[in-house]
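Peer 1: Quick one, structure for this:
(one chain, ligands or ions: 2)
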Amino acid sequence: MNISIVIPLLNEAESLTELHDWIVSVMQSNSFSYEIIFIDDGSTDDSWQTILSLSKKDSNIKGIRFLKNFGKSQALHAGFDKAEGDVVITMDADLQDNPEEIPELYNMITEENFDLVSGWKKKRYDSVIAKNLPSKLFNWAARRTSGLKLHDINCGLKAYKKVVIKTIDVNGEMHRYIPVLAKNAGFTSIGEKVVKHQARKYGTTKFGMNRFVNGFLDLITIWFISKFGKRPMHLFGALGVIMFLIGFTFAFYMGVDKLFLHRSGRLITERPTFYIALATMIIGTQFFIAGFLGELILGSKRDNKRYLVKEHLNLD
Ligand SMILES: Nc1nc2c(ncn2[C@@H]2O[C@H](COP(=O)(O)OP(=O)(O)OP(=O)(O)O)[C@@H](O)[C@H]2O)c(=O)[nH]1
Ligand SMILES: [Mg+2]
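Peer 2: Ligands and ions are numbered 1, 2, ... in the order given. Below is the predicted model of the structure:
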(Lines give C-alpha, C1' and ligand atoms only; values in the text may rest on other atoms or scores of the structure.)
(Ligands and ions follow the chains in the order given, each with its own letter.)
Protein backbone atom coordinates (compact mmCIF):
# COMPACT_ATOMS: atom_id res chain seq x y z
CA MET A 1 0.00 0.00 0.00
CA ASN A 2 1.35 3.45 -0.97
CA ILE A 3 -0.33 5.80 1.46
CA SER A 4 -2.06 5.77 4.84
CA ILE A 5 -3.93 8.96 5.62
CA VAL A 6 -4.41 9.37 9.35
CA ILE A 7 -7.09 11.85 10.36
CA PRO A 8 -7.71 12.59 14.05
CA LEU A 9 -10.95 14.41 14.64
CA LEU A 10 -13.29 15.81 17.21
CA ASN A 11 -16.78 16.96 16.24
CA GLU A 12 -16.16 17.53 12.52
CA ALA A 13 -19.24 15.77 11.07
CA GLU A 14 -20.05 18.54 8.57
CA SER A 15 -16.59 18.42 7.00
CA LEU A 16 -16.04 14.68 6.68
CA THR A 17 -17.96 13.86 3.48
CA GLU A 18 -16.41 16.73 1.54
CA LEU A 19 -12.95 15.87 2.90
CA HIS A 20 -13.36 12.21 1.96
CA ASP A 21 -14.51 12.97 -1.59
CA TRP A 22 -11.64 15.37 -2.10
CA ILE A 23 -9.03 12.86 -0.85
CA VAL A 24 -10.48 10.09 -3.02
CA SER A 25 -10.37 12.24 -6.15
CA VAL A 26 -6.69 13.05 -5.51
CA MET A 27 -5.87 9.39 -4.80
CA GLN A 28 -7.63 8.19 -7.94
CA SER A 29 -6.13 10.75 -10.29
CA ASN A 30 -2.65 9.68 -9.08
CA SER A 31 -3.59 5.96 -8.93
CA PHE A 32 -2.29 5.54 -5.39
CA SER A 33 -3.28 2.53 -3.30
CA TYR A 34 -4.35 3.96 0.05
CA GLU A 35 -6.28 3.72 3.28
CA ILE A 36 -7.96 6.49 5.24
CA ILE A 37 -7.93 5.98 9.01
CA PHE A 38 -10.37 8.22 10.85
CA ILE A 39 -9.89 8.43 14.61
CA ASP A 40 -13.00 9.76 16.28
CA ASP A 41 -11.84 11.01 19.64
CA GLY A 42 -15.11 10.90 21.57
CA SER A 43 -17.11 13.23 19.30
CA THR A 44 -20.55 14.19 20.53
CA ASP A 45 -21.91 15.04 17.07
CA ASP A 46 -22.60 12.70 14.11
CA SER A 47 -18.93 12.20 13.16
CA TRP A 48 -18.92 8.42 13.76
CA GLN A 49 -22.24 7.89 11.93
CA THR A 50 -20.80 9.85 9.01
CA ILE A 51 -17.66 7.70 9.00
CA LEU A 52 -19.80 4.53 9.06
CA SER A 53 -21.94 5.66 6.16
CA LEU A 54 -18.88 6.75 4.12
CA SER A 55 -17.31 3.34 4.74
CA LYS A 56 -20.32 1.63 3.13
CA LYS A 57 -19.32 3.24 -0.18
CA ASP A 58 -15.55 3.08 0.24
CA SER A 59 -13.72 0.00 1.53
CA ASN A 60 -10.49 2.01 1.93
CA ILE A 61 -11.92 3.66 5.02
CA LYS A 62 -10.91 2.42 8.42
CA GLY A 63 -12.02 3.88 11.70
CA ILE A 64 -11.33 3.95 15.40
CA ARG A 65 -13.74 5.40 17.89
CA PHE A 66 -12.46 6.23 21.36
CA LEU A 67 -14.56 5.64 24.43
CA LYS A 68 -14.10 9.26 25.43
CA ASN A 69 -11.94 12.22 24.43
CA PHE A 70 -8.29 11.22 24.96
CA GLY A 71 -6.66 14.05 22.99
CA LYS A 72 -5.05 14.49 19.61
CA SER A 73 -1.77 12.80 20.60
CA GLN A 74 -3.53 9.61 21.63
CA ALA A 75 -5.58 9.68 18.43
CA LEU A 76 -2.43 9.95 16.31
CA HIS A 77 -0.84 7.19 18.38
CA ALA A 78 -3.78 4.86 17.65
CA GLY A 79 -3.75 5.74 13.94
CA PHE A 80 0.02 5.18 13.72
CA ASP A 81 -0.39 1.76 15.38
CA LYS A 82 -2.74 0.66 12.60
CA ALA A 83 -1.21 2.41 9.55
CA GLU A 84 0.09 0.06 6.84
CA GLY A 85 1.10 2.38 3.99
CA ASP A 86 4.73 3.02 3.00
CA VAL A 87 4.10 6.72 3.46
CA VAL A 88 1.88 7.99 6.25
CA ILE A 89 0.15 11.35 5.91
CA THR A 90 -1.55 13.12 8.80
CA MET A 91 -4.03 15.90 8.22
CA ASP A 92 -6.71 17.87 10.02
CA ALA A 93 -10.33 16.93 9.45
CA ASP A 94 -11.67 20.47 9.16
CA LEU A 95 -10.85 21.04 5.46
CA GLN A 96 -8.13 23.55 6.35
CA ASP A 97 -5.43 21.25 4.97
CA ASN A 98 -5.47 20.67 1.24
CA PRO A 99 -5.39 17.05 -0.01
CA GLU A 100 -3.89 18.25 -3.32
CA GLU A 101 -0.59 18.55 -1.44
CA ILE A 102 -0.43 14.78 -0.85
CA PRO A 103 1.21 13.68 -4.15
CA GLU A 104 4.06 16.16 -3.75
CA LEU A 105 4.55 15.17 -0.09
CA TYR A 106 4.59 11.51 -1.18
CA ASN A 107 7.30 12.24 -3.75
CA MET A 108 9.43 14.07 -1.20
CA ILE A 109 9.40 10.97 1.02
CA THR A 110 9.83 8.32 -1.66
CA GLU A 111 12.12 10.11 -4.13
CA GLU A 112 13.93 12.81 -2.19
CA ASN A 113 14.26 10.33 0.68
CA PHE A 114 13.05 12.54 3.52
CA ASP A 115 12.11 10.77 6.78
CA LEU A 116 9.55 13.42 7.61
CA VAL A 117 8.14 16.40 5.72
CA SER A 118 6.25 19.03 7.69
CA GLY A 119 3.75 21.39 6.12
CA TRP A 120 4.31 25.13 6.41
CA LYS A 121 1.18 27.28 6.32
CA LYS A 122 3.09 30.24 5.01
CA LYS A 123 -0.07 32.19 4.27
CA ARG A 124 -2.52 31.53 7.09
CA TYR A 125 -6.21 32.25 7.10
CA ASP A 126 -6.50 32.71 10.85
CA SER A 127 -6.75 35.78 13.06
CA VAL A 128 -3.44 37.61 13.53
CA ILE A 129 -3.71 38.23 17.28
CA ALA A 130 -5.12 34.89 18.36
CA LYS A 131 -3.06 32.62 16.13
CA ASN A 132 -0.39 34.05 13.88
CA LEU A 133 1.64 36.03 16.43
CA PRO A 134 1.61 33.44 19.23
CA SER A 135 2.37 30.78 16.66
CA LYS A 136 5.41 32.71 15.37
CA LEU A 137 6.73 33.11 18.91
CA PHE A 138 6.06 29.48 19.68
CA ASN A 139 7.84 28.25 16.56
CA TRP A 140 10.80 30.50 17.27
CA ALA A 141 11.14 29.01 20.78
CA ALA A 142 10.78 25.49 19.40
CA ARG A 143 13.45 26.20 16.76
CA ARG A 144 15.84 27.55 19.38
CA THR A 145 15.51 24.61 21.77
CA SER A 146 15.33 21.81 19.19
CA GLY A 147 17.77 22.99 16.56
CA LEU A 148 15.24 22.12 13.83
CA LYS A 149 14.84 24.68 11.04
CA LEU A 150 11.05 24.41 10.75
CA HIS A 151 8.69 27.38 10.48
CA ASP A 152 5.47 25.60 11.44
CA ILE A 153 6.26 22.69 13.73
CA ASN A 154 2.65 22.06 14.74
CA CYS A 155 1.16 21.97 11.21
CA GLY A 156 -1.42 19.15 11.03
CA LEU A 157 -0.39 18.21 7.49
CA LYS A 158 2.73 16.07 7.57
CA ALA A 159 4.19 13.09 5.73
CA TYR A 160 6.30 10.33 7.25
CA LYS A 161 8.19 7.25 6.26
CA LYS A 162 6.42 4.31 7.86
CA VAL A 163 9.41 3.44 10.07
CA VAL A 164 9.28 6.91 11.67
CA ILE A 165 5.73 6.62 12.95
CA LYS A 166 6.29 3.06 14.11
CA THR A 167 9.27 4.20 16.18
CA ILE A 168 8.23 7.43 17.88
CA ASP A 169 5.89 7.49 20.86
CA VAL A 170 3.41 10.37 20.70
CA ASN A 171 1.91 10.85 24.15
CA GLY A 172 0.71 13.56 26.48
CA GLU A 173 0.22 16.56 24.20
CA MET A 174 3.39 15.89 22.28
CA HIS A 175 1.66 15.95 18.88
CA ARG A 176 2.89 19.55 18.69
CA TYR A 177 6.49 18.38 18.62
CA ILE A 178 6.50 15.28 16.44
CA PRO A 179 9.46 16.56 14.37
CA VAL A 180 11.45 16.97 17.59
CA LEU A 181 10.49 13.45 18.70
CA ALA A 182 11.57 12.14 15.29
CA LYS A 183 14.86 13.99 15.51
CA ASN A 184 15.51 12.63 19.01
CA ALA A 185 14.78 9.12 17.70
CA GLY A 186 17.52 9.56 15.11
CA PHE A 187 15.59 10.55 11.97
CA THR A 188 17.55 13.54 10.78
CA SER A 189 16.29 14.00 7.26
CA ILE A 190 13.46 16.38 8.11
CA GLY A 191 12.08 18.65 5.40
CA GLU A 192 9.48 21.32 4.99
CA LYS A 193 6.98 22.12 2.26
CA VAL A 194 4.91 25.26 1.87
CA VAL A 195 1.27 24.14 1.84
CA LYS A 196 -1.98 25.83 1.00
CA HIS A 197 -4.22 26.64 3.93
CA GLN A 198 -7.93 27.40 3.92
CA ALA A 199 -10.11 29.22 6.40
CA ARG A 200 -12.27 26.91 8.52
CA LYS A 201 -15.48 26.23 6.60
CA TYR A 202 -17.65 24.34 9.11
CA GLY A 203 -17.60 23.69 12.84
CA THR A 204 -15.53 25.44 15.52
CA THR A 205 -11.97 25.67 16.83
CA LYS A 206 -11.10 22.98 19.35
CA PHE A 207 -8.03 24.54 20.93
CA GLY A 208 -8.36 27.79 22.94
CA MET A 209 -5.66 30.15 24.15
CA ASN A 210 -4.52 27.60 26.72
CA ARG A 211 -2.83 25.77 23.85
CA PHE A 212 0.03 28.26 24.16
CA VAL A 213 0.45 27.80 27.90
CA ASN A 214 0.38 24.02 27.51
CA GLY A 215 2.55 24.32 24.43
CA PHE A 216 5.32 26.15 26.27
CA LEU A 217 5.20 23.78 29.23
CA ASP A 218 5.51 20.87 26.79
CA LEU A 219 8.41 22.65 25.14
CA ILE A 220 10.29 22.74 28.45
CA THR A 221 9.48 19.06 28.97
CA ILE A 222 10.73 18.10 25.56
CA TRP A 223 13.91 20.12 25.97
CA PHE A 224 14.49 18.36 29.27
CA ILE A 225 13.70 14.91 27.87
CA SER A 226 15.93 15.33 24.85
CA LYS A 227 18.84 16.51 27.02
CA PHE A 228 18.45 14.38 30.14
CA GLY A 229 15.64 11.91 29.40
CA LYS A 230 17.98 8.94 29.26
CA ARG A 231 20.12 10.03 32.21
CA PRO A 232 18.18 12.07 34.79
CA MET A 233 20.85 11.37 37.40
CA HIS A 234 23.32 13.49 35.45
CA LEU A 235 21.23 16.60 36.03
CA PHE A 236 19.73 15.90 39.44
CA GLY A 237 22.83 14.20 40.78
CA ALA A 238 25.02 17.16 39.84
CA LEU A 239 22.56 19.69 41.29
CA GLY A 240 22.24 17.57 44.44
CA VAL A 241 25.99 17.32 44.97
CA ILE A 242 26.52 21.06 44.41
CA MET A 243 23.74 22.05 46.83
CA PHE A 244 24.83 19.55 49.44
CA LEU A 245 28.45 20.68 49.28
CA ILE A 246 27.45 24.33 49.71
CA GLY A 247 25.40 23.43 52.81
CA PHE A 248 28.08 21.16 54.17
CA THR A 249 30.74 23.86 53.83
CA PHE A 250 28.61 26.27 55.87
CA ALA A 251 27.94 23.64 58.53
CA PHE A 252 31.59 22.64 58.72
CA TYR A 253 32.66 26.25 59.10
CA MET A 254 30.18 26.77 61.95
CA GLY A 255 31.27 23.58 63.68
CA VAL A 256 34.95 24.53 63.56
CA ASP A 257 34.09 28.03 64.71
CA LYS A 258 32.09 26.77 67.69
CA LEU A 259 34.51 24.08 68.84
CA PHE A 260 37.91 25.65 68.22
CA LEU A 261 37.76 29.35 67.38
CA HIS A 262 35.01 30.52 69.78
CA ARG A 263 34.62 33.73 67.78
CA SER A 264 30.85 33.96 68.22
CA GLY A 265 29.22 33.66 71.60
CA ARG A 266 25.84 32.81 70.06
CA LEU A 267 24.30 29.38 69.85
CA ILE A 268 24.64 27.76 66.41
CA THR A 269 20.85 27.81 66.02
CA GLU A 270 20.81 31.57 66.54
CA ARG A 271 22.96 32.16 63.47
CA PRO A 272 21.35 32.67 60.01
CA THR A 273 24.12 30.60 58.42
CA PHE A 274 22.77 27.55 60.21
CA TYR A 275 19.47 27.78 58.34
CA ILE A 276 21.19 28.31 54.99
CA ALA A 277 23.29 25.23 55.65
CA LEU A 278 20.27 23.18 56.71
CA ALA A 279 18.10 24.23 53.76
CA THR A 280 20.73 23.67 51.07
CA MET A 281 21.67 20.25 52.44
CA ILE A 282 18.01 19.16 52.49
CA ILE A 283 17.39 20.48 48.97
CA GLY A 284 20.58 18.79 47.78
CA THR A 285 19.39 15.45 49.17
CA GLN A 286 15.99 15.96 47.53
CA PHE A 287 17.61 16.53 44.14
CA PHE A 288 19.57 13.36 44.59
CA ILE A 289 16.45 11.39 45.43
CA ALA A 290 14.70 12.87 42.36
CA GLY A 291 17.58 11.61 40.23
CA PHE A 292 17.32 8.12 41.72
CA LEU A 293 13.56 8.04 41.19
CA GLY A 294 14.06 9.14 37.56
CA GLU A 295 16.49 6.30 36.98
CA LEU A 296 14.14 3.82 38.66
CA ILE A 297 11.20 4.90 36.50
CA LEU A 298 13.31 4.66 33.35
CA GLY A 299 14.40 1.20 34.33
CA SER A 300 10.93 -0.21 34.87
CA LYS A 301 8.91 -1.12 31.81
CA ARG A 302 5.97 1.16 31.20
CA ASP A 303 2.61 0.19 29.81
CA ASN A 304 2.19 2.43 26.78
CA LYS A 305 -1.51 1.88 26.03
CA ARG A 306 -2.98 5.27 26.80
CA TYR A 307 -6.34 5.03 25.13
CA LEU A 308 -9.34 2.72 25.12
CA VAL A 309 -11.14 1.83 21.90
CA LYS A 310 -14.92 1.58 21.84
CA GLU A 311 -15.42 0.32 18.28
CA HIS A 312 -13.33 -0.68 15.25
CA LEU A 313 -14.08 -0.42 11.57
CA ASN A 314 -12.32 -2.71 9.08
CA LEU A 315 -9.47 -3.33 11.52
CA ASP A 316 -8.58 -6.40 13.46
N1 LIG B 1 -8.39 13.32 18.07
C2 LIG B 1 -8.58 14.59 18.39
N3 LIG B 1 -8.57 15.48 17.43
C4 LIG B 1 -8.77 16.76 17.77
C5 LIG B 1 -8.98 17.18 19.10
N6 LIG B 1 -9.15 18.53 19.09
C7 LIG B 1 -9.04 18.91 17.81
N8 LIG B 1 -8.84 17.85 17.01
C9 LIG B 1 -8.68 17.84 15.55
O10 LIG B 1 -7.46 18.47 15.25
C11 LIG B 1 -7.59 19.23 14.06
C12 LIG B 1 -7.18 20.66 14.34
O13 LIG B 1 -8.04 21.25 15.29
P14 LIG B 1 -8.61 22.71 15.05
O15 LIG B 1 -9.61 23.01 16.09
O16 LIG B 1 -9.01 22.83 13.64
O17 LIG B 1 -7.30 23.57 15.33
P18 LIG B 1 -6.80 24.72 14.39
O19 LIG B 1 -6.82 24.31 12.96
O20 LIG B 1 -5.51 25.17 14.94
O21 LIG B 1 -7.90 25.83 14.66
P22 LIG B 1 -8.87 26.51 13.57
O23 LIG B 1 -7.98 27.35 12.72
O24 LIG B 1 -9.85 27.34 14.34
O25 LIG B 1 -9.52 25.41 12.84
C26 LIG B 1 -9.04 19.07 13.62
O27 LIG B 1 -9.10 18.06 12.65
C28 LIG B 1 -9.75 18.65 14.87
O29 LIG B 1 -10.89 17.87 14.62
C30 LIG B 1 -8.98 16.18 20.12
O31 LIG B 1 -9.15 16.42 21.31
N32 LIG B 1 -8.77 14.90 19.69
MG1 LIG C 1 -8.38 23.86 12.01
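
Peer 1: hey, let's count contacts and neighbours off CA atoms from now on
Peer 2: Noted.

Peer 1: Show me the contact partners of the helix-or-strand element of the chain with minimal mean pLDDT.
Peer 2: None of the helices or strands of the chain scores lower by mean pLDDT, DSSP states H and E than helix 210-228, at a mean of 79. Residues from elsewhere that reach helix 210-228 (CA atoms under 8 Å, 6 or more residues apart in numbering): 134, 138, 142, 145-146, 173-174, 176, 184, 234-235.

Peer 1: Name the residues of the next helix or strand after that helix that come out as buried.
Peer 2: Counting by DSSP states H and E, the next helix or strand C-terminal to helix 210-228 is helix 232-256. For helix 232-256, burial by neighbour count (16 or more other CA atoms under 10 Å) applies to 232-233, 235-241, 243-245, 247-248, 250-251, 254.

Peer 1: Ok, stretch 175-194 next?
Peer 2: 175-184, 187, 190-193.

Peer 1: Single out whichever of the residues you listed has the smallest pLDDT.
Peer 2: Lowest pLDDT within the buried residues of stretch 175-194 is found at residue 184 (85).

Peer 1: so who does that residue touch?
Peer 2: residue 226.

Peer 1: any idea how far residue 296 is from it?
Peer 2: 22 Å (CA to CA, to the nearest Å).

Peer 1: How about the residues of the chain by ligand 1?
Peer 2: Applying CA under 6 Å from any ligand atom, one finds that the chain approaches ligand 1 through 8-10, 12, 41, 69, 71-72, 75, 92-94, 126, 200, 205-207.

Peer 1: where do the helices sit along this protein?
Peer 2: Here the chain has its helices, by DSSP state H, at 13-29, 47-57, 72-82, 102-110, 133-146, 162-167, 178-184, 210-228, 232-256, 272-299.

Peer 1: which one of the contacts of helix 210-228 sits closest to ligand 1?
Peer 2: Using CA to the nearest ligand atom, residue 173 is the member of the contacts of helix 210-228 that lies nearest ligand 1, at 9.8 Å.

Peer 1: Excluding chain neighbours, what is closest to residue 121?
Peer 2: Take residue 121 and drop its neighbours on the chain: the residue closest to it by CA to CA, 6 or more residues apart in numbering is residue 195, 5.5 Å away.

Peer 1: OK, contacts around the closest residue to residue 198 other than its chain neighbours?
Peer 2: Among residues not flanking residue 198 along the chain, residue 96 sits closest, at 4.6 Å (CA to CA, 6+ apart). Applying CA under 8 Å, 6+ apart, we find residue 96 in contact with 197-201.

Peer 1: and of those, the nearest to residue 103?
Peer 2: Of all the contacts of residue 96, residue 197 has the smallest distance to residue 103: 16.2 Å, by CA to CA.

Peer 1: Residue 120 is in contact with that closest one, correct?
Peer 2: No - judged on CA atoms under 8 Å, residue 197 makes no contact with residue 120 at a distance of 9.0 Å.

Peer 1: neighbour count winner among those two?
Peer 2: residue 120 (22 against 19; other CA atoms under 10 Å).

Peer 1: looking at the helices of the chain, which one has the lowest mean pLDDT?
Peer 2: Mean pLDDT is lowest for helix 210-228 among these, at a mean of 79.

Peer 1: No further questions, thank you.
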